[in-house]
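Q: sequence unknown, structure follows:
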């Protein structure tokens, strides 16, 4: 019995900024900023939200399916910590705008940055269970960070250059053309820790140092548990590539360095070479998008598949972490065909097509975000306020957020 990712696509908005320019504007220490290993980040525009990101990521997948394949989608799972309502799931909006059949489970999962993996494991095990043979799951991890003058920009610090917006959509089935999971090869680890939280929907709080320590702890302990369950598993020899939840590239580099020291007693030059060969391909897209929370581990997976060498089938190890905390290490196989199929979706081209904003334009967006608060009864989005980035979605059949009427969100195709 096989299960995993049959189709996969990424959507990371219409606008971005050069984070080096942002660091200069915020007077951030250059040496500390360079340790982030960030190049760009997506800037969520007022007409973009977790629903538009999710639908725009999933639509190219759905459009390529036959009528029979669309009808085989038995479940739509949205994974996010950017929910728009304490009760109503994003999945209902996504299901509606993708015009999927009504005999379908629709629900949402929240577990900080682990949410995408939680949904992925649920979907994969639904396929393995064979309770509905031939059925598929549409899984979408989607998250967004809107910086606002209400928070006070000084509070954001080094989180501002690394926070992003986007979604990763995956069709999970028994025909895992892109990524086939190793059945039963999972090590998970979790405990109570207040490293990061969202005490109110529009604001994140926590302890950055504690979060780093929790991440490193879980990165080690999940692999140790994986070793107990997978005979002869070796951190260096068992995986051709490694993929990590990537809040920023420097955190991944530090975690990999720590693991290589603990598991392999490796020297610095060996660690650096291993990092460049096995980890660096997974960072390309995260370095251009930023941390998209529940979707970040799978954004890193997409980057590894798109940028790695898959002339022959290769095994990937994946580490997922979510604050609070829950974490998991699992693995799977990617083939030359996997890379070929993923590249049909043009992920690099999509990122290159975003409008690159000036710092003045970016700060105008931040100022406008004070008007898009959680829990609004009514709102109208002015598409003309930011015409240049809007032109990067206009005419491309993208879904945009247009209004709220008596708490009900409205969307339009443009």
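A: Happy to help now that I have it. Just so you know, these numbers come straight off a predicted model, no measurement behind them.

Q: Go ahead and name everything in contact with stretch 196-211.
A: Stretch 196-211 has contacts (C-beta atoms under 8 Å, 6 or more residues apart in numbering) with 81, 83, 112, 145-146, 148, 150-151, 158-159, 193-195, 323-324, 373-375. Where C-beta positions appear, they are placed from N, C-alpha and C, glycine not excepted.

Q: end-to-end on it?
A: Distance across stretch 196-211, first residue to last, is 7 Å (C-alpha to C-alpha, to the nearest Å).

Q: counting residues per strand, which one in the protein is longest?
A: strand 179-190 (DSSP state E).

Q: What pairs with it, parallel or antiparallel?
A: With DSSP bridges as the test, strand 179-190 is paired with strand 4-11 (antiparallel), strand 326-334 (antiparallel).

Q: among those strands, which is the most enclosed?
A: strand 4-11 (a mean of 26; mean count of other C-beta atoms under 10 Å).

Q: which residues touch residue 71?
A: Residues in contact with residue 71 (C-beta under 8 Å, 6+ apart) are residue 101.

Q: how about a cut-off of 10 Å?
A: By C-beta atoms under 10 Å, 6 or more residues apart in numbering, residue 71 lies in contact with 65, 100, 101, 103, 104, 135, 136.

Q: what do you get for residue 399?
A: With C-beta under 10 Å, 6+ apart, residue 399 has these contacts: 11, 47-49, 51-56, 59, 93-94, 97-98, 393, 411-414.

Q: Could you pick out the buried ones from those?
A: 11, 47-49, 51-56, 59, 93-94, 97-98, 393, 411 (16 or more other C-beta atoms under 10 Å).

Q: From those residues, which land in helices?
A: Mapping these onto helices (DSSP state H) picks out 51, 52, 53, 54, 55, 56, 59, 93, 94, 97.

Q: Now the third one: closest residue in space that isn't a chain neighbour?
A: Leaving aside its chain neighbours, residue 53 sits nearest to residue 167 (3.8 Å; criterion: C-beta to C-beta, 6 or more residues apart in numbering).

Q: got the phi/psi numbers for that neighbour?
A: phi -150, psi 150 (degrees, to the nearest 10).

Q: Next one: it from residue 87, what distance?
A: Counting by C-beta to C-beta, to the nearest Å, the separation of residue 167 from residue 87 is 21 Å.

Q: Between the two, point out the one with more neighbours.
A: With neighbours defined as other C-beta atoms under 10 Å, residue 167 and residue 87 compare such that residue 167 has more, 33 against 5.

Q: looking at this protein, which helix or strand is least sure?
A: In the chain, no helix or strand scores lower on mean pLDDT, DSSP states H and E than helix 153-156, which sits at a mean of 57.

Q: that older thread, quick check: next helix or strand after the longest strand of the chain?
A: Once the chain leaves strand 179-190, the next helix or strand it forms, by DSSP states H and E, is strand 196-200.

Q: That following strand pairs with which strands, parallel or anti?
A: For strand 196-200, pairing defined by DSSP bridges yields strand 203-206 (antiparallel).

Q: chain center to the helix or strand following the strand it pairs with: distance?
A: Next along the chain after strand 203-206, taking DSSP H and E as the criterion, comes helix 208-229. A distance of 19 Å separates the centroid of the chain from that of helix 208-229, by C-alpha atoms, centre = their mean, to the nearest Å.

Q: list the buried ones in helix 208-229?
A: Result for helix 208-229 [16+ other C-beta under 10 Å]: buried residues 211, 214-223, 225-227.

Q: go on, stretch 388-401?
A: Buried-residue list, stretch 388-401, by 16+ other C-beta under 10 Å: 389, 390, 392, 393, 398, 399, 400, 401.

Q: any idea how far residue 381 is from the second one?
A: So the one you mean is residue 390. 10 Å.

Q: Find the residues that touch each one of these two.
A: 45, 46, 47, 400.

Q: of those residues, closest to residue 177?
A: Comparing the shared contacts of residue 390 and residue 381 against residue 177 with C-beta to C-beta places residue 400 closest, at 30.7 Å.

Q: so how far is the first residue of stretch 286-301 from its last?
A: 10 Å.

Q: do stretch 282-301 as well
A: Span of stretch 282-301 from end to end, C-alpha to C-alpha: 6 Å.
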